[in-house]
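1. 3D, please:
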Amino acid sequence: MKVVRRCLLLALILCAGLSAAKIFASAYNLSIAPSGNNVVVTWPAAANGFVLQSTTNLLSPNWQTVTNSVNVLSEATNQVTYNRDRAVVRIFRLFLGNQGFYLYITRSNNTVILSWPVTTNNYTLQSTVGIKPASWQNVVVPAPIAINNTNYVTYTNDWLNRCFRLALFNNTVAPAGMVQIPAGAFTMGNVTGDTDLTDADPTNVNVSAFFMDTNLVSYTLWQSVYAYATSTGYNFDNGGTANFANHPVQTINWYDAVKWCNARSQQAGLTPAYYTDATLTQAYTNNDVDNVYVNWSANGYRLPTEAEWERAARGGLSGKRFPLGDTISGSQANYYGDPDDYPYDQGPYGENPAFFVSNTSPYTSPVGYFGPNAYGLYDMAGNVCEWCWDWYGTPYAGGTDPHGPNNGAPGTTGNRTLRGGYWGYFAYLLRCADRNQTLLSSSPSYAYYGNGFRCVRAH
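-> Numbers count the residues shown, from 1 in each chain. A predicted model of the protein is given here:
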């Protein structure tokens, strides 16, 4: 699909609360929701020059500007309340130029069928319950089925006012094995008010778009890059271990992870992110260097910042404790269950029985074993902890694309952060806002059996 400079197709939205609807939006989010005998249509006030139009026949459309309803400006949002005839399927669009395509929706009882052209391969189907405020999440289950050049998704509707959209973040296709995490603002930290989280006060953060590995780095991937790295002059403190090839690599320290990211970049012909000099000319390949410099615009692999990691882990959910909601269970993640002591832990008690082998450790699980969060990321809670870039410090910075403090917090100098929890510990470590820290050391004892990582790349 051609995208023109003056008419970027950022989103198309429709609401499953209508018996049938087809909605088009050009350049800005157009939302629609039923309200009694009316339809409430909203779009950002910043959409200057766009005209709200409607038609009742998509096959032979006769688009008419909506003039018989008053446009009300509310909280930087245009809002039109339109009296609808329930016997008529009325279709709305924001119009600027003639570029675009349609997302279709039909509803039968609690089943919603969505379809759109397969040529829109840079678009992501998303949904939200309610459009004001909205918390858009990628629809990854069920996956679309392509039939005759059309994508189809059959969705069991759990809310009458669940709305859908096709979102185009940009024209860049995510690299193989990665997903795009959209740019946006979110509240980072202890949004649920858990009293034991004393180092994660909520703060507003805005994160630029980036790509993230769908899975934790597996032992297979680790070994393939490790072999290349050690043959081209890299050295590591630890060789990494795992139970099986498709399990996450673990027993590596922060230095190992950072150097491995550079090796992965160079193996793929990309620009490394980490350097030992401020001029960004000497790629980091050897020894344990604390004062590492980062080329944040490099197209190579690197560790996520804490802000990037938490943005990705939340998957677009707002105000939730875990990547999939306020509670967690052994069917959603690999951790040590203790429902008696943690009310948000739904158990079962002890090591996850699917991976427990007597007298064998660690009890990791295959990468991608559990269901993904709304961004399509696996194991953002449990399995192994994930190294982040940031030095540990409190409070952590808000603002746009924070990179953490310049060094460790007083009394904790030398500590880098880990996120996500691991197979051998309690559910509280798996919370999106929970922060762990580990002293940097070349000693193998500090490369814990619960520490792994995944990579990100600049957008």
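2. can you pull out the strands in the stretch 51-200 of the chain?
-> 51-55, 64-65, 71-74, 77-83, 91-95, 103-108, 111-117, 123-129, 137-138, 145-147, 150-156, 162-168, 178-181, 184-188 (DSSP state E, counting those that start in this stretch).
3. Report the buried residues of the fourth one.
-> Buried residues in strand 77-83, defined by neighbour count with 16 or more other Cβ atoms under 10 Å: Thr77, Asn78, Gln79, Val80, Thr81, Tyr82. (C-beta placed from N, C-alpha, C; glycine too.)
4. so which of those residues comes closest to Pro175?
-> Comparing the buried residues of strand 77-83 against Pro175 with Cβ to Cβ places Thr77 closest, at 35.3 Å.
5. which of the buried residues of strand 77-83 has the weakest pLDDT?
-> Within the buried residues of strand 77-83, pLDDT reaches its minimum at Thr77, with 67.
6. coming back round to it: export the buried residues of strand 77-83 to JSON lines and tack on distance to Thr241?
-> Listed next are the buried residues of strand 77-83 as JSON lines, based on distance: Cβ to Cβ, whole Å:
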{"residue": "Thr77", "distance to Thr241": "53"}
{"residue": "Asn78", "distance to Thr241": "57"}
{"residue": "Gln79", "distance to Thr241": "57"}
{"residue": "Val80", "distance to Thr241": "60"}
{"residue": "Thr81", "distance to Thr241": "62"}
{"residue": "Tyr82", "distance to Thr241": "62"}
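7. just the helices in the protein please.
-> Residue ranges of the helices in the chain, as given by DSSP state H, are 219-231, 254-267, 306-314.
8. Would you format those helices as TSV with mean neighbour count, distance to Gly330 and mean pLDDT included?
-> Listed next are the helices of the chain as TSV, based on neighbours: other Cβ atoms under 10 Å; distance: least, Cβ to Cβ, whole Å; pLDDT from 0 to 100:
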stretch	mean neighbour count	distance to Gly330	mean pLDDT
helix 219-231	17	23	98
helix 254-267	24	27	97
helix 306-314	26	19	96
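9. Show me the one of the ones you listed that comes nearest Gln346.
-> With Cβ to Cβ as the yardstick, what comes closest out of the helices of the chain is helix 306-314 (18.9 Å).
10. what's the neighbour count on Gly399?
-> 10 (other Cβ atoms under 10 Å).
11. Make 727 the first number, not 1, from now on.
-> Yes, from this point I'll number from 727; that puts the last item at Gly1125.
12. Hmm, it is touching Asn932, no?
-> Yes - the criterion here is Cβ atoms under 8 Å, and Gly1125 meets it with Asn932 at 7.1 Å.
13. intersection of neighbour lists for those two?
-> Residues within reach of Gly1125 and of Asn932 at once, by Cβ atoms under 8 Å, 6 or more residues apart in numbering: there are none.
14. neighbours of Ala1080, just the number please.
-> For Ala1080, using other Cβ under 10 Å, the count is 12.
15. How about Asp1003?
-> Neighbour tally, Asp1003, other Cβ under 10 Å: 11.
16. Could you report the distance from the closest residue to Asn1012 other than its chain neighbours to Pro1049?
-> Nearest residue to Asn1012 in three dimensions, chain neighbours excluded: Asn961, at 5.2 Å (Cβ to Cβ, 6 or more residues apart in numbering). To Pro1049, Asn961 is 35 Å away according to Cβ to Cβ, to the nearest Å.
17. neighbour count winner among the two?
-> Pro1049 (28 against 13).
18. OK, contacts around the more buried one?
-> Counting by Cβ under 8 Å, 6+ apart, Pro1049 has contacts Ala1039, Arg1040, Gly1041, Leu1043, Asn1099, Leu1103, Met1106, Ala1107, Cys1158.
19. starting at the chain centroid, how far to stretch 1109-1129?
-> How far stretch 1109-1129 lies from its chain's middle: 16 Å, per Cα atoms, centre = their mean, to the nearest Å.
20. quick one: buried residues of that stretch?
-> Buried residues in stretch 1109-1129 (16+ other Cβ under 10 Å): 1109-1119, 1122-1124, 1128.
21. end to end, how far does it reach?
-> For stretch 1109-1129, the first-to-last residue distance is 25 Å (Cα to Cα, to the nearest Å).
22. What mean pLDDT does it get?
-> 93.
23. can you check stretch 1011-1029 too?
-> 94.
24. Pull up the distance across it, start to finish.
-> 15 Å.
25. for it, which positions count as buried?
-> Buried positions in stretch 1011-1029, judged by neighbour count with 16+ other Cβ under 10 Å: Thr1011, Val1018, Tyr1019, Val1020, Asn1021, Ala1024, Asn1025, Gly1026, Tyr1027, Arg1028, Leu1029.
26. Using TSV, lay out those together with distance to Asp920.
-> As requested, these are exported to TSV (distance: Cβ to Cβ, whole Å):
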residue	distance to Asp920
Thr1011	41
Val1018	33
Tyr1019	36
Val1020	32
Asn1021	36
Ala1024	36
Asn1025	38
Gly1026	36
Tyr1027	33
Arg1028	30
Leu1029	26
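27. Mind splitting the chain into its structural domains?
-> Domain assignment for the chain by automatic domain parsing gives 737-897, 900-1185.
28. hey, which of those domains is tucked in deepest?
-> Among those, domain 900-1185 has the highest mean neighbour count (mean count of other Cβ atoms under 10 Å), at a mean of 19.
29. returning to that earlier point: lowest average pLDDT across the domains of the chain?
-> domain 737-897 (a mean of 63).
30. what's near enough to touch Asp925?
-> Applying Cβ under 8 Å, 6+ apart, we find Asp925 in contact with Thr1120, Pro1121, Arg1161.
31. where's it relative to Glu1032, distance?
-> For Asp925, the distance to Glu1032 - Cβ to Cβ - is 11 Å.
32. Fine by me, thanks again.
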